[in-house]
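Novice: Sequence and predicted structure are below.
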Amino acid sequence: MRKITFLAALNEALHEEMKRDDRIIILGEDISPGGIFGVTKGLLDKFGEDRVIDTPIAETAIVGAAIGASINGLRPIAEIMHSDFIFVCMDGICNFAAKQRFASGGTIGIPITIRTPSGASGYGLHHGQSLEACFQNIPGLKVVMPSTPYDAKGLLKSSIRDEDPVIFFENKYSYKILGEVPEEEYTIPLSQADVKRRGKDVTIVALGNMVRQALAAAVDLENEGIDSEVIDPRTILPLDQETIINSVIKTHRVVIVHEAPKTGGAGGEIAAVIAEKAFHELKAPVIRVGAPFMPVPRRPYEEIYLPNKENIINAVKKLF
Amino acid sequence: MRKELKVSLFKSLLLSRVFEEKKIELAKEIAATDIGPTSCYGQEAIPVGFCFGLNKDDYILHSIRSAWAANITKGLPIKSIAAEMYGKSSGFSKGRELSSHINCIELGIIGGTGILANNITVAAGVALAAKCRRTKQVAVCFVGDGASNREEFFTGINFAALKKLPAIFVVENNQIAEFTPYKKFMPIEDIADRAVAFGIPGKIVDGNDVMAVYEIAQEAILRAREGEGPTLVECKTLRVRPMSEMGSPERGLPQKLIEEWKKKDPVIRMKAHLLKNGILTDKELIGMEEKYRKEVDDAFQFARESDYAPPEDVFRDVYAERMAVE
């Protein structure tokens, strides 16, 4: 099977979806020349100015316009250039988009997709945050974070086709990763976790970039006689609890790892779900691995800040 | 303006007024579910003037102050509005939201959230879709003088102006926001002046003259439909009622100012115009008012007699699909 980058997979998803459904428009800052990372490359030439829209530097306008356009018959994709900027437009996302279906008695849905390059980039504090936890407590939203090119393409398509507002986090350090992606059309359902590696001794639940770290840790752990099962939730909200719980029932030991700071992170919600629903299966406490509780440092300090396979290995060993 | 048009405009104005009067009368009863009801008594000419004559597929994004008059004029049955006030499931939004935020997609009515002026960027989006899909729809967006200082006023209108979107931004300047008079939160006198910042026309109109409001609205709507972009229209008026009907008048504007503006009441003025020009008789006016009072009474009775949503319906519509998130 051919191998393409995570970025190319996303670009393909956008091209294919915009070709399939002419209601889809995409708006954001600097997107018509391809966006600062290149994810939107080629879209302007193919689909024109009416559907590929550069906006002023105004996240409130990007999100608000996406919301309004989705009410009046379009399927907008909004890009927030770095996920850190999403704080500017939280009101539109959390107070309007998330709640309009409920507020309108189910008569008005907001089928927008907010794509946002997320996580570490080397540029530090305001260009490196991983913010999935900020949305977990907002009913009406969906939160997706793929870890492979295959997942990225399939999940972006499903997010675009979803009738609810989806925040689609694209880890910047994943953009250059190569992976197998079929030529044929496919989608991946939301709220469906993926078992990236089957094992019997420990469950490692990993988000985004940390999936690769978890898989690398699994290789080292295997040499020490510990067989790891790596679960990638893929959709953080609503979470596929069943896949995770089934794994815990099998392995009895869990480490959860994400790039965001451990304290207050998405791992806490997952740990609580496990504690509530599989407490008697556990032979050790649930351990979370995340970044230290501080702003994201710039290069070169990022290296000692980001969780890595060593952190995961150390955590796993504590469970035995 | 043709006589028939004047009469039709007045009918919407009068029905809105009768509804507002009923709301004021029933404030305590309504407050049990709709919180302290707010009223646009004295300000009805603005929503009526802008919403009258809009097509079904045109959109309005009403303010919380004039939601009822705007929605009535756009064609939302008053029964449905009353039902929303009581949180009954017979409303279009199944009683989910306060009546100042009603949604009715069939009539292009988009309710805002509790965050005022966030309807501005959404209006720009509605207009963006109209342009993209090449429909002739317009989006009419209402905000108050207070809300015109919020972020979205600037980012939303700027975007709409940039892309020449078919939107009309209406500022209902009633000179006070909640309990704070405008001089305390705004460094300028005329909000229409802000239009220069966006490169669009900024108009000022007597917000208590329904014919003047209608005429300026039609100009702006035509401009929008012909692809020439948005207009900012500031309608000067005064809030002659307290912030909410459960609130105290002392925290409103000075009584002297209120008395001055009551003399410019839009309903009184339009009635006088119709009588003076022999368009309607006293008898016809009285008959009209009686008819509307009965309609409004029936609407509130309908609301009282309607059912609340059953418990199983209260937790629905969070997502398109029914799913157990927990």
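Specialist: Thanks, I have it. Numbering: from 1, shown residues only, chains lettered A, B, ... in the order given.
Novice: List the residues that contact the residue most central in space within chain B.
Specialist: Against the mean C-alpha coordinate of chain B, by C-alpha atoms, centre = their mean, the closest residue is B:Ser66 at 3.3 Å. Residues near B:Ser66 by C-beta atoms under 8 Å, 6 or more residues apart in numbering or on different chains: B:40, B:43-44, B:46-47, B:142, B:172. (Glycine included, C-beta is placed from N, CA and C.)
Novice: Now, the residues you listed that are in strands?
Specialist: Within those, residues falling in strands by DSSP state E are B:142, B:172.
Novice: okay if I get the contacts of B:Ser66 as TSV plus distance to chain A and neighbour count?
Specialist: Formatted as TSV, the contacts of B:Ser66 follow (distance: C-beta to the nearest C-beta, whole Å; neighbours: other C-beta atoms under 10 Å in any protein chain shown):
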residue	distance to chain A	neighbour count
B:Cys40	21	30
B:Gln43	24	30
B:Glu44	25	33
B:Ile46	22	31
B:Pro47	20	33
B:Phe142	15	29
B:Glu172	20	25
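Novice: and which of the contacts of B:Ser66 is nearest B:Ile258?
Specialist: Taking C-beta to C-beta as the measure, B:Ile258 lies nearest B:Gln43 of those, at 12.4 Å.
Novice: how about the helix or strand of chain A with the lowest mean pLDDT: buried residues?
Specialist: For chain A, using mean pLDDT, DSSP states H and E, the weakest element among its helices and strands is helix A:302-305, scoring a mean of 94. In terms of neighbour count (16 or more other C-beta atoms under 10 Å in any protein chain shown), helix A:302-305 has its buried residues at A:302, A:305.
Novice: same check, this time on stretch B:285-294
Specialist: Neighbour-count burial for stretch B:285-294 flags B:288-289, B:292 (criterion: 16+ other C-beta under 10 Å).
Novice: close enough to count as contact, A:Pro117 and A:Ser174?
Specialist: No: in this structure A:Pro117 lies outside contact range of A:Ser174 using C-beta atoms under 8 Å: 9.8 Å.
Novice: ok, which stretches of the stretch 151-300 of chain B are strands?
Specialist: Taking DSSP state E, counting those that start in this stretch to define them, one finds strands in the stretch 151-300 of chain B at B:167-173, B:176-177, B:180-181, B:202-206, B:231-236.
Novice: and the stretch 151-300 of chain B, which residues reach chain A?
Specialist: By C-beta under 8 Å from any C-beta of the partner chain, the residues of the stretch 151-300 of chain B that approach chain A are B:151-152, B:155-156, B:158-159, B:162-163.
Novice: Keep only those of those residues that are in helices.
Specialist: Those of these mapping onto helices are B:151-152, B:155-156, B:158-159, B:162, per DSSP state H.
Novice: And the nearest residue to B:Lys22 once chain neighbours are set aside, what's its pLDDT?
Specialist: Leaving aside its sequence neighbours, B:Lys22 sits nearest to B:Val296 (C-beta to C-beta, 6 or more residues apart in numbering or on different chains; 4.8 Å). B:Val296 is assigned 98 on the pLDDT scale.
Novice: and the residue of the stretch 151-300 of chain B nearest chain A?
Specialist: Per C-beta to the nearest C-beta, B:Thr155 is where the stretch 151-300 of chain B lies closest to chain A, at 3.8 Å.
Novice: Could you measure from that residue over to B:Phe185?
Specialist: Here B:Thr155 is placed at a distance of 19 Å from B:Phe185 (C-beta to C-beta, to the nearest Å).
Novice: repeat for A:Val181
Specialist: Look at A:Val181 and B:Phe185: by C-beta to C-beta, they are 54 Å apart.
Novice: which one of the contacts of B:Ser66 sits closest to A:Ala271?
Specialist: Closest approach to A:Ala271 among the contacts of B:Ser66 (C-beta to C-beta): B:Phe142, at 46.7 Å.
Novice: Quickly note the distance from the closest one to B:Asn277.
Specialist: Going from B:Phe142 to B:Asn277 by C-beta to C-beta gives 30 Å.
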